[in-house]
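Visitor: Sequence plus predicted model, see below.
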Amino acid sequence: MKAIILAAGFGVRMRPLTDRCPKPLLPVLGRPIIDYTISRVKTFGIKEVGVNICHLADKMEKFLGDGSRWGVTLTLSREPEILGTGGGMGGLRSFLKGEGPFLVYNGDIASKIDLTGLAHYHKEHKPLVTLALCDYPPNNNVSLSPDNTIVDFLGKRKKFDPGRDRNLTFTGVSIVDEEILNLIPVSGSSHIIAEALGDMWYLEMRGEISARWLRILTRIRLFFLTTGGECLGTRCPREMFITVRERGLNQELC
């Protein structure tokens, strides 16, 4: 299996730190965030990793190199502008095509999510996408109805019923079938997962496990990690695997 790390963002909520340093290169205990990310992906046995870059791309290229420092081979996709999750995948289309399911990992998270379990579940059920969700109330952004169908994803649908539905957080970790590449435009921006999760796909839920996860969105969270937040993570009491199946696609720090 190959992996891609989404690392193109501007890191707006981290400003002014990210005015001169791309967010993935911000240090946590002396190591850039993306250093931990690549190392984590490698522990899953992945040795070919694609990374999309945009903001301060020259600095990203200089640090990442060819991946040899981690014992992996890196393929970089330099975006002229932010292209979204789908656009990030699309820019690495030739890298991913013909290789089967691939791991997608946000470049701004600290996590010890069970990647092996996630991959086994994806292989067993053969969905289009398997999302790792956890219960993290400050950032719960995925709404599920009682039958575990998605009714809102990142505020795209706005159909949440507080008396009926419950919220979980998308961790930024997923396994994606390469078939999704056929749904992504050849050029331009695309948020394919967020756009498609509304009416066309349905969700299945699997049992809960515990994990450690934190999205490094703000300077406060970065401070938490650099001052002993278990370096890569905070406790998430519940994590769930959610699978997304096709339902008829007719429609100066560095």
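Guide: Looks like it arrived, so ask away.
Visitor: make it CA atoms for all contacts and neighbour counts henceforth
Guide: Fine.
Visitor: Would you map the helices across this structure?
Guide: 33-43, 57-64, 84-91, 93-96, 115-125, 192-196, 219-226 (DSSP state H).
Visitor: Report the contact partners of the nearest residue to I4 once chain neighbours are set aside.
Guide: Excluding the flanking residues, the one nearest I4 by CA to CA, 6 or more residues apart in numbering is G50, at 4.4 Å. Shown in contact with G50 (CA atoms under 8 Å, 6 or more residues apart in numbering): 2-5, 74-77, 92, 95.
Visitor: if you set the cut-off to 6 Å instead, what comes out?
Guide: Contact partners of G50, counting by CA atoms under 6 Å, 6 or more residues apart in numbering, are 4, 74-76.
Visitor: for F10, same thing?
Guide: Applying CA under 6 Å, 6+ apart, the residues contacting F10 are H55.
Visitor: separation between it and P27?
Guide: Look at F10 and P27: by CA to CA, to the nearest Å, they are 16 Å apart.
Visitor: go on, G45?
Guide: 25 Å.
Visitor: do L64 as well
Guide: Distance from L64 to P27, by CA to CA: 14 Å.
Visitor: quick one on the thing from earlier: now the helices of the chain in a markdown table, with mean pLDDT?
Guide: Below are those laid out as a markdown table (pLDDT from 0 to 100):
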| stretch | mean pLDDT |
| --- | --- |
| helix 33-43 | 91 |
| helix 57-64 | 94 |
| helix 84-91 | 78 |
| helix 93-96 | 91 |
| helix 115-125 | 83 |
| helix 192-196 | 55 |
| helix 219-226 | 41 |
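Visitor: Out of those helices, which gets nearest to Y105?
Guide: Smallest distance to Y105 across the helices of the chain (CA to CA): 8.1 Å, for helix 33-43.
Visitor: Surely N52 touches S77?
Guide: Yes: at 4.6 Å, N52 and S77 qualify as touching, with contact defined as CA atoms under 6 Å.
Visitor: Point out where the stretch 1-150 of the chain drops to low pLDDT.
Guide: Scanning the stretch 1-150 of the chain for pLDDT under 70 picks out the ranges 136, 147-150.
Visitor: partner residues bridging the nearest residue to A8 once chain neighbours are set aside?
Guide: Nearest residue to A8, sequence neighbours excluded (CA to CA, 6+ apart): I53, at 4.0 Å. Counting by DSSP bridges, I53 forms beta bridges with R78.
Visitor: Touching, I53 and L76? I think so.
Guide: No: here I53 lies out of contact with L76, judged by CA under 6 Å, at a distance of 7.1 Å.
Visitor: more neighbours, the two?
Guide: Legend: neighbour count by other CA atoms under 10 Å for I53 and L76, higher for I53 (27 against 22).
Visitor: ok, the more buried one - contacts?
Guide: Counting by CA under 6 Å, 6+ apart, I53 touches 7-8, 78.
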